[in-house]
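Asks: okay, here's the prediction I keep looking at, along with the sequence it came from:
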Amino acid sequence: MRHELVLLGLIAAWTPQAALAQRPPEPTPTAIVLRPAAEPRPALKYRLVPERSSLVPGNAAIFYHRAIQLALDRRMRFAAEDRVEGGARTETVDEQIANWVSGPIAKLPRQEARKQLDAFEAVLREIELGAARSTCDWELDQRQEGYSLLLPEIQEMRSLARLVALRSKLAILDGKPDEAMHWIEIGLVMGRHVSDGPNVIQALVGVAIDFVALRCLDDLIQVPGAPNLFWALADAPRPFIDMRHALEGERHLIDKELPGLNELDEGPWSLDRARRFADELQRKLFALTSSEPIGMEDSGTANEMAGLVRRLGIAAMSAKIYPEAKKALITQGRPAVDVEAMPVIQVAVLYSVQEYQRLLDEAYKWIHVPYWQSYDKVDHSIQRSADQKLANPLLAMFQTLIPGLNAVRLAAIRLDRQLDALQCIEAIRLYAAAHGGTLPPSLEVLQDAPAPIDPLTGKLFSYSVDGDSATLSAPLPPGGPNHPNYALRYVLKLAR
């Protein structure tokens, strides 16, 4: 499957909150048994990512590729032993591990899980070696494929992350918090490594991997003797996953998919060159906007007719906007004689691409401004009315290739919100340790270990106390989906 189809499916699920009148159900609260704990000595004994000075020179991707191959080999061996019982397929090892990792830690069958994990010991060793490396280069920046680039290794990293999470959970159950923290750190580093590439899908998979690791952190901080991780969380990078590399790469994918776009402004084309460009443009645009596999050649009368219809469509769209496009290019300072010598499609597409790049800049210039100050600016910059789309259908087709930028960056900021919420919980544990096991009356009183700001609202998290329990919550992000998964709610109860 093309990586972009996965991305477009994710973006398609994005529904602006303002578009839905119905109030969403409350998020399922995460219950935390709160155990007072002072800060470790030294304060930065634990970290979520290793210090650069402790890393080994080398490329982590090499070790991850080895781990993937070993895991696939191991899975094939298990598959050969699979059997059907009572007419139903038995659960695969991968499915079993996924269920264990996503389920409550108290229900994890330790002995069975340990037996399964032992079979992946060599895989975990390669992962551990990879996470200790100073760089992670997937060698994707210079690939010439655009939206058609396959990324199977990135998707397989999800399975590796579940193995790491299972190792973390077993260490927690065994009463080994330092070992658990070691594997949680590895899981978080994996997410950051996966995200470091020129494709948004990489960043989204990296975020998903780190959420798996953070669920282990939820479990760890509740066990007796668990270290306080306030300063480890405060010291973590923000943003934890930086979308710059991915968004920059995504911005230029269309140039790789349609290299002829870079030649539009090189003087008048011949009619033959324009015809070849039109054929390629209609093939790629139709494939990208209709999920037809790129590279599939038309064959048979029906396909030939479909190709003719699409060519006529591109020609009709070009003819429709040609007068406006020609006027705009001349106004920009191009000699009228040169513009008039260009084929219609060259003029129309050159003008549309310039408009596309202008609109893209209007959106991209906001994406690194704090979310609460810019969420209404980003998508608004590239939204166009039906009349505007009809006025320039070529531009409208190019715009369908722009990912929902707010949806993409919200994924990463939600991860930061989760980290900040955990930092608040650890600040509360510090306060309780210093005040006889009592809860702070408000987040404002946390001075020695101040509560962080919610990165989606720019305000403190909501916090209320009721006896020996408290609630820490955050609302749906402004402009975000009307879905409870996008809100946050922790119920904290002091251990007795």
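Replies: Okay, I see it.

Asks: nearest spatial neighbour of the residue nearest in space to the middle of the chain, skipping sequence neighbours?
Replies: By C-alpha atoms, centre = their mean, the chain has its centre lying nearest to Leu204, at 1.6 Å. In space, and not counting its chain neighbours, Leu204 is closest to Ala411: 5.6 Å by C-beta to C-beta, 6 or more residues apart in numbering. Quick note: C-beta positions are derived from backbone N, CA and C, even for glycine.

Asks: mind listing the helices for the stretch 301-450 of the chain?
Replies: Shown for the stretch 301-450 of the chain, the helices assigned by DSSP state H, counting those that start in this stretch span residues 336-341, 344-364, 371-382, 386-391, 393-399, 405-434.

Asks: list the helices and strands the fifth one packs on?
Replies: Okay, so that is helix 393-399. Contacts defined by 3 or more C-beta pairs under 8 Å, 6 or more residues apart in numbering; DSSP states H and E place helix 393-399 against helix 300-331, helix 344-364, helix 386-391.

Asks: how about low-confidence regions in the protein?
Replies: 1-25, 80-89, 289-312, 384-387 (pLDDT under 70).

Asks: mind listing the strands for it?
Replies: Here the chain has its strands, by DSSP state E, at 30-34, 56-59, 84-85, 88-89, 133-135, 462-466, 469-474, 488-494.

Asks: looking at the helices of the stretch 301-450 of the chain, spot the one closest to Leu117.
Replies: helix 405-434 (25.4 Å; C-beta to C-beta).

Asks: centre of the chain versus the closest one, how much separation?
Replies: Averaging C-alpha positions (C-alpha atoms, centre = their mean, to the nearest Å) puts helix 405-434 17 Å from its chain's average.

Asks: tell me the buried residues in that helix?
Replies: Neighbour counts using 16 or more other C-beta atoms under 10 Å place 405-432 of helix 405-434 among the buried residues.

Asks: same deal with stretch 156-174?
Replies: Those would be 156-173, for stretch 156-174 by 16+ other C-beta under 10 Å.

Asks: narrow the residues you listed to those in helices?
Replies: The helices, defined by DSSP state H, take in 156-173 from the buried residues of stretch 156-174.

Asks: for Leu233, find the nearest of the helices of the stretch 301-450 of the chain.
Replies: Per C-beta to C-beta, nearest to Leu233 of those: helix 405-434, 3.9 Å.

Asks: which neighbouring elements make contact with that closest one?
Replies: If contacts are counted by 3+ C-beta pairs under 8 Å, 6+ apart, helix 405-434 sits against helix 3-12, strand 30-34, helix 200-220, helix 230-234, helix 244-251, helix 371-382, strand 469-474, strand 488-494.

Asks: can you check which of the ones you listed gets nearest to Lys284?
Replies: helix 3-12 (12.1 Å).

Asks: can you measure across stretch 191-208, start residue to end residue?
Replies: One end of stretch 191-208 sits 8 Å from the other (C-alpha to C-alpha, to the nearest Å).

Asks: my error: substitute stretch 460-476 in the last question.
Replies: OK, stretch 460-476 end separation, C-alpha to C-alpha: 14 Å.

Asks: pull out the buried positions in it.
Replies: Within stretch 460-476, judged by 16+ other C-beta under 10 Å, the buried ones are Leu460, Phe461, Tyr463, Ala470, Leu472, Ser473, Ala474, Pro475, Leu476.

Asks: tell me the one among those residues nearest to Arg358.
Replies: For these, the minimum distance to Arg358 (C-beta to C-beta) is 31.7 Å, reached by Leu476.

Asks: nearest spatial neighbour of Glu250, skipping sequence neighbours?
Replies: Per C-beta to C-beta, 6+ apart, closest to Glu250 is Val200, 4.7 Å.

Asks: now do the contacts for that neighbour.
Replies: Val200 sits next to Leu7, Met243, Ala246, Leu247, Gly249, Glu250, Pro403, Val408 when contact means C-beta atoms under 8 Å, 6 or more residues apart in numbering.

Asks: in contact with the fourth one, which residues?
Replies: To tie it back to what came earlier, the one meant is Leu247. Here Leu247 is in contact with Val200, Ala203, Tyr364, Ile367, Leu405, Val408, Arg409 (C-beta under 8 Å, 6+ apart).

Asks: any idea how far the last one lies from Thr471?
Replies: Computed with C-beta to C-beta, to the nearest Å, the distance linking Arg409 and Thr471 is 28 Å.

Asks: so how far is Arg110 from the nearest residue to Pro109 once chain neighbours are set aside?
Replies: With sequence-adjacent residues excluded and distances taken as C-beta to C-beta, 6+ apart, Pro109 is closest to Trp100, at 7.6 Å. Counting by C-beta to C-beta, the separation of Trp100 from Arg110 is 10 Å.

Asks: same check on Ala287?
Replies: Using C-beta to C-beta, one gets 50 Å for the distance from Ala287 to Arg110.

Asks: can you pick out the residue with more neighbours from those two?
Replies: Ala287 (19 against 11; other C-beta atoms under 10 Å).

Asks: any idea how far that one is from Lys45?
Replies: In terms of C-beta to C-beta, Ala287 sits 53 Å off from Lys45.

Asks: what does Ile68 give?
Replies: For Ile68, the distance to Lys45 (C-beta to C-beta) stands at 32 Å.

Asks: these two: which is more packed in?
Replies: Per other C-beta under 10 Å, whichever of Ile68 and Lys45 has more neighbours is Ile68, with 21 against 14.

Asks: quick one: contacts for the more buried one?
Replies: Applying C-beta under 8 Å, 6+ apart to Ile68 gives the contacts Glu153, Glu156, Met157, Leu160.

Asks: now swap in Ile209 and tell me
Replies: Met157, Arg158, Ala161, Gly187, Met190, Gly191, Val194.

Asks: ok so, going back, using JSON lines, lay out the helices of the stretch 301-450 of the chain together with distance to Leu443.
Replies: Formatted as JSON lines, these follow (distance: least, C-beta to C-beta, whole Å):
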{"stretch": "helix 336-341", "distance to Leu443": "62"}
{"stretch": "helix 344-364", "distance to Leu443": "34"}
{"stretch": "helix 371-382", "distance to Leu443": "18"}
{"stretch": "helix 386-391", "distance to Leu443": "46"}
{"stretch": "helix 393-399", "distance to Leu443": "42"}
{"stretch": "helix 405-434", "distance to Leu443": "7"}
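
Asks: of these, which is nearest Ala274?
Replies: Nearest to Ala274 among those is helix 344-364 (5.3 Å), distances taken as C-beta to C-beta.

Asks: what helices and strands are in contact with that closest one?
Replies: helix 244-251, helix 271-290, helix 300-331, helix 371-382, helix 393-399.

Asks: what sits up against the shortest one?
Replies: By that I understand helix 393-399. Residues beyond helix 393-399 that count as contacts (C-beta under 8 Å, 6+ apart) turn out to be 254, 285, 289, 314, 317-318, 320-321, 348-349, 352-353, 355-356, 359, 382, 384, 388-389.
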